[in-house]
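**Student:** A predicted structure for the sequence below; I have some questions about it.
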Amino acid sequence: MVCMDNSEWMRNGDYSPTRFQAQADAINLICGAKTQSNPENTVGVLTMAGKGPRVLITPTNDLGKILQALHGLEVGGEMRMTSGVQVAQLALKHRQNKHQRQRIVLFAGSPVLADKAVLEGMGKKLKKNNVALDIVSFGEDDGEKVEKLEALLNAVNNGDNSHIVHIPGGERVLSDVLISSSIFTGDGEGGSGFAAAAAASAAAAAVGGGGGAYDFGVDPNLDPELALALRVSMEEERARQEAAMKRSAEDSTAKGQQAGESSSAPDVAMSDVGLVDTTDKSKDMMIDDDTALLQQAIAMSMAQAAQAAAAAGGGPATTDTSMEESGGDDQDLAYALQMSMQQAAAAASAAQGSADVNQVLGDQSFVSSVLSSLPGVDPNDPNVRDVLASLQTDEGKNDDQATKDKSK
Amino acid sequence: MATTATPATTAAPVQLPLGQVDLADCIEWQSVECLNENSLHTSVNALKQGYREDNGLYLESDADEQLLLYIPFNQVVKLHSLIIRGPPEEGPRTLKLFANRPNMGFSNVTDFPPNDTVIASLENLEGKPIPLKYVKFQSVRSLTLFVEDNQGGGEVTQLQKLAIVGSTVETTNMKDLKKISENEG
């Protein structure tokens, strides 16, 4: 039975985001841990402040109901610890499965008003009725609070079945400290398993906010694919942003640049084309970035042939001025690539416009930097080759369009 | 029924009345519970054969002097009497017995009247059987024993031995059922 402190003292923000929210998160965690560790466990929640102790949910093993009951709670009033604990005792007494052991988890955030003697009496009564008590002391600390709660714990403790955790303010997250405390680990096998998993994910999540050991909040050892994907998308995002900045600078002279580049060296042509092409359909890049990158890898390995073809393709592009979507250079470049790479065509993603493919292909410096950091990408991988083949099909379609337009 | 009680000072077994047996074998040990017992001195010390004969092993109360001992049986029994042993000061005095009331707590001992109330004398503490109201305990599945106070009025109650004397009703004892081999019948 969890006793929640929803008094006015919980508005304070010394635990992020507010004490009350931190407490609610901690309670969610505890309920989850208990219900997971043993299917026969039941958890109930009551609030101690407000107009008086109120049982939000009687002990149940349905986590969904518990979480629902915790929704939309208001802070207010003063915490009545003694009557709260008594109500908890009563709720436990009327539990359905009498074979379950009785335990109260008390969240003490406000100052403790009761006397030490009263608390000790309460503790003895709990011990007499074989009720264990876990105390989570946080929030206000008026000096005596720790002493009183320790006295309460000693009165209740029967063979180390009860625990207390003190969480001083400013500590990162209430839930994190709780997970590692005896309140979770005292559950036994299942509880500690859940606690370990929760600790790993909580550490990762906390790290994401606080800048810890791992870059993306995911341990490369635990999930290398995810870490890789995250890294790749980060770099793509960075490249896109750089390109967007350049795009705004070069927007007015886009067409002029295109014409000029057609006669320049293939390398330069490819990189400038990449810059220009970011003017259009940058959003398509989002969808096809992964495939585009793989295509870049292929492109890199076929660089020599591509260069030769591009040089050939760059020439005729000067006469092409009717292309609106993505300059003539790109179309010819793509066509050249297709010629140099003879692969079987695969259907694949038709959504891919030639523009986004080419703009990615064009940025060779970006490609090389990304490729060097991609340990898992093997340009010779058959999957990569298939993707490349799909690229060629689309290029072929666009080239047909281009030739049709040219012939008009 | 002839009742012969040996002199109480010795630890020799008490002669039981005819037809009555010590019901220790009928106790369902898994579900025995004692509220407010000291974890170092549990109910096993008072109830189990061998443990209970040793006066050094006793059941002791913890937070205060009251004890609530729940003893389920594995079959329906009739209760005849109790034999207890305890120290003269800390031994129990007022005992309230409730039949067939599982899951009692200290808060509901006053909710309903006990089936029987016994005031243990010093002689009883030496082992003299305490007769119970037999008619009230004709069909008992579980017994709850509430020790309300002790002889000296102190904070701690000690009980060295608790034996329940009675007889079984003719119900099937599942443990006695033997498997009939495939060939027969």
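**Tutor:** All right, it came through fine. All figures in this text were calculated on a predicted structure; none of them were measured in a lab. Numbers count the residues shown, from 1 in each chain, chains lettered A, B, ... in the order given.

**Student:** flag every residue of the stretch 1-150 of chain A that's near chain B.
**Tutor:** Residues of the stretch 1-150 of chain A lying near chain B by CB under 8 Å from any CB of the partner chain: A:Lys93, A:Lys98, A:Lys124, A:Lys125, A:Lys127, A:Lys128, A:Asn129, A:Asn130. For every residue, glycine as well, the C-beta is placed using N, CA and C.

**Student:** going through the residues you listed, which ones are buried?
**Tutor:** A:Lys124, A:Lys125, A:Lys127, A:Lys128, A:Asn129, A:Asn130 (16 or more other CB atoms under 10 Å in any protein chain shown).

**Student:** does the fourth one really touch B:Leu35, like I thought?
**Tutor:** Yes - with contact defined as CB atoms under 8 Å, A:Lys128 reaches B:Leu35; the gap is 6.4 Å.

**Student:** ok, how many other residues are close to B:Asp54?
**Tutor:** 12 (other CB atoms under 10 Å in any protein chain shown).

**Student:** can you read off the backbone torsions of it?
**Tutor:** B:Asp54 adopts backbone torsions of phi -90, psi 120, taken as degrees, to the nearest 10.

**Student:** hmm, back to that, okay if I get the residues of the stretch 1-150 of chain A next to chain B as TSV plus pLDDT and secondary structure?
**Tutor:** As requested, these are exported to TSV (pLDDT from 0 to 100; DSSP: H, G, I helix; E, B strand; the rest coil):
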residue	pLDDT	secondary structure
A:Lys93	88	helix
A:Lys98	83	coil
A:Lys124	89	helix
A:Lys125	89	helix
A:Lys127	89	helix
A:Lys128	88	helix
A:Asn129	88	coil
A:Asn130	88	coil
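
**Student:** how about those, which pair is most distant?
**Tutor:** The most widely separated members of these are A:Lys98 and A:Lys124, with 22.4 Å between them, by CB to CB.

**Student:** surely A:Gly139 is within a strand?
**Tutor:** No - using DSSP: H, G, I helix; E, B strand; the rest coil, the assignment for A:Gly139 is coil, not a strand.

**Student:** pLDDT score for it?
**Tutor:** Reported pLDDT at A:Gly139 in the predicted model: 82.

**Student:** just confirm it contacts A:Arg19, I think it does.
**Tutor:** Yes - with contact defined as CB under 8 Å, A:Gly139 reaches A:Arg19; the gap is 5.4 Å.

**Student:** which residues touch A:Ala49?
**Tutor:** A:Asp5, A:Asn6, A:Ser7, A:Glu8, A:Val75, A:Gly76, A:Gly77, A:Glu78, A:Met79, A:Arg80, A:Ser110 (CB atoms under 8 Å, 6 or more residues apart in numbering or on different chains).

**Student:** that one in helix, strand or coil?
**Tutor:** Put simply, A:Ala49 is coil when judged by three-state DSSP.

**Student:** quick one: it from A:Met4, how far?
**Tutor:** Remark: distance between A:Ala49 and A:Met4 (CB to CB, to the nearest Å) = 9 Å.

**Student:** near chain A, which residues of chain B show up?
**Tutor:** Those residues of chain B that sit near chain A, judged by CB under 8 Å from any CB, are B:33, B:35-36, B:39, B:62-64, B:66, B:102-103, B:105-107.

**Student:** so B:Gly166, which of the three states?
**Tutor:** Three-state assignment for B:Gly166 (three-state DSSP): strand.

**Student:** again with B:Leu125
**Tutor:** helix.

**Student:** quick one, what contacts it?
**Tutor:** Per CB under 8 Å, 6+ apart, neighbours of B:Leu125: B:Ile84, B:Arg85, B:Gly86, B:Pro87, B:Pro88, B:Gly91, B:Gln151.
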